[in-house]
Structures are given as structure tokens and as C-alpha cells.
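Chemist: Provide a 3D model corresponding to the input given below.
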Amino acid sequence: MKKLLTAALVFASCSLQAAPINELLELNDSELQMQVIRNNLNQALIRQNPPLKNFQPVLEEWANTYLTWEEMKPKIAEVYLKHFTDEELEQLVAFYKTPVGKKSQELNATLIRETALASALVAKGHHKALEDMLQQAAAQQKKNAAGDQ
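Modeler: Numbering: from 1, shown residues only. Coordinates of the predicted model:
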């Protein structure tokens, strides 16, 4: 009887913990985000290996078959549960139900994209400095290698 009670308590605590994370993932449109991530992954694979463009349908089939929401949801939940307590998850759920929370969700992809673009523009403005620094480092490595001989 004691074992049965312990098992029931463990099950109940797991169910309680699952509730806020499931609601949060739904509010975050995580399943839709997973579809975007699959597409972005395939595009990145093609950029890294251009001949894969000829096999884009295969990449899409692979991603749709193996990178499913059913398989990814527990992994995504683990990430949130690693960084947030149940109370914090409940607070996030409450926030995302507010008008500002909904707006932040709607603008999240736009904010990430525009922030990445702004970062790229700043980096581009300092491209010459990076080239100079890399040349200096390469010269120093060459000098160090020659000194070791």
C-alpha cells in the first residue's frame, strides 16, 4: 500500500509539473516554431553543402519524418524545465496571456531577425578590423612556429 501511495504521489507531481510547461509550449506556438526550425535547418544544410539543393525534397522528408513535434516536444520541455521552476513557468504562462505577452510572442521572430540584421550590419562595419586582427594573429603564429624550430 505504501508503494502504491508513493507511486501515486510521484505521478501526481509529474502531472502537475507537466501542466504549466504544456500550456507554455502551446502559448509559445512551439509546434509552429518547430516547423520553422526544420525549414531553417534544411536551408543551413544546403548553404553548407550546396549540392544538397538537388535533394531538397529528401531533406524535407527526412525533417518531417524524424524531427517531429512528438519527438521534439519532450526535449524542448526538458530545456525549459532545466532553467525554470514550476512557479516561474506559471508566471510565464500568466505573462503570455496578457496583451503585452501576446505582443511579445507575435513580435518574437521579427525581433530576433531584426536584431540579427543589426548585429550583422555592425559586424560588417568592422570587417576590415577583423581582417587586420586575423592577419596579425596568423603572422604571430607563423613567427612562433618558426621560433620553435
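Chemist: Could you use CA atoms for every contact and neighbour count after this?
Modeler: OK.
Chemist: quick one: the helices in this structure?
Modeler: 2-27, 30-48, 56-66, 69-83, 86-96, 99-125, 127-148 (DSSP state H).
Chemist: Now render those helices as a markdown table, adding mean pLDDT and mean neighbour count.
Modeler: Output for the helices of the chain, formatted as a markdown table (pLDDT from 0 to 100; neighbours: other Cα atoms under 10 Å):
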| stretch | mean pLDDT | mean neighbour count |
| --- | --- | --- |
| helix 2-27 | 61 | 13 |
| helix 30-48 | 89 | 15 |
| helix 56-66 | 92 | 14 |
| helix 69-83 | 94 | 13 |
| helix 86-96 | 95 | 16 |
| helix 99-125 | 91 | 13 |
| helix 127-148 | 92 | 11 |
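Chemist: Just list the residues touching Leu27, thanks.
Modeler: Val93, Tyr96, Lys97 (Cα atoms under 8 Å, 6 or more residues apart in numbering).
Chemist: How much space separates the closest residue to the first one other than its chain neighbours from Tyr80?
Modeler: For Val93, ignoring the flanking residues on the chain, the nearest one in space by Cα to Cα, 6 or more residues apart in numbering is Leu24 at 5.4 Å. Leu24 sits 10 Å away from Tyr80, going by Cα to Cα, to the nearest Å.
Chemist: Equivalent analysis for Val122, please.
Modeler: Val122 is 31 Å from Tyr80, by Cα to Cα.
Chemist: Same check on Val58?
Modeler: For Val58 relative to Tyr80 (Cα to Cα), the value is 31 Å.
Chemist: Same check on Pro57?
Modeler: 32 Å.
Chemist: which residue is nearest the centroid of the chain?
Modeler: Ile37 (8.0 Å; Cα atoms, centre = their mean).
Chemist: Kindly export stretch 78-94 (C-alpha atoms) in CSV.
Modeler: The C-alpha trace of stretch 78-94 is given here as CSV (Å, rounded to 0.1, in the frame of the first residue of the first chain):
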residue,chain,number,x,y,z
GLU,A,78,13.4,19.5,-20.7
VAL,A,79,15.2,22.7,-21.7
TYR,A,80,12.5,24.9,-20.1
LEU,A,81,12.3,22.6,-17.0
LYS,A,82,16.1,22.8,-16.6
HIS,A,83,16.0,26.6,-16.5
PHE,A,84,12.6,27.4,-14.9
THR,A,85,10.9,26.3,-11.7
ASP,A,86,7.2,25.4,-11.8
GLU,A,87,6.3,28.7,-10.3
GLU,A,88,8.4,30.6,-12.9
LEU,A,89,6.7,28.6,-15.7
GLU,A,90,3.3,29.5,-14.2
GLN,A,91,4.4,33.2,-14.2
LEU,A,92,5.5,32.9,-17.9
VAL,A,93,2.1,31.4,-18.7
ALA,A,94,0.3,34.3,-17.0
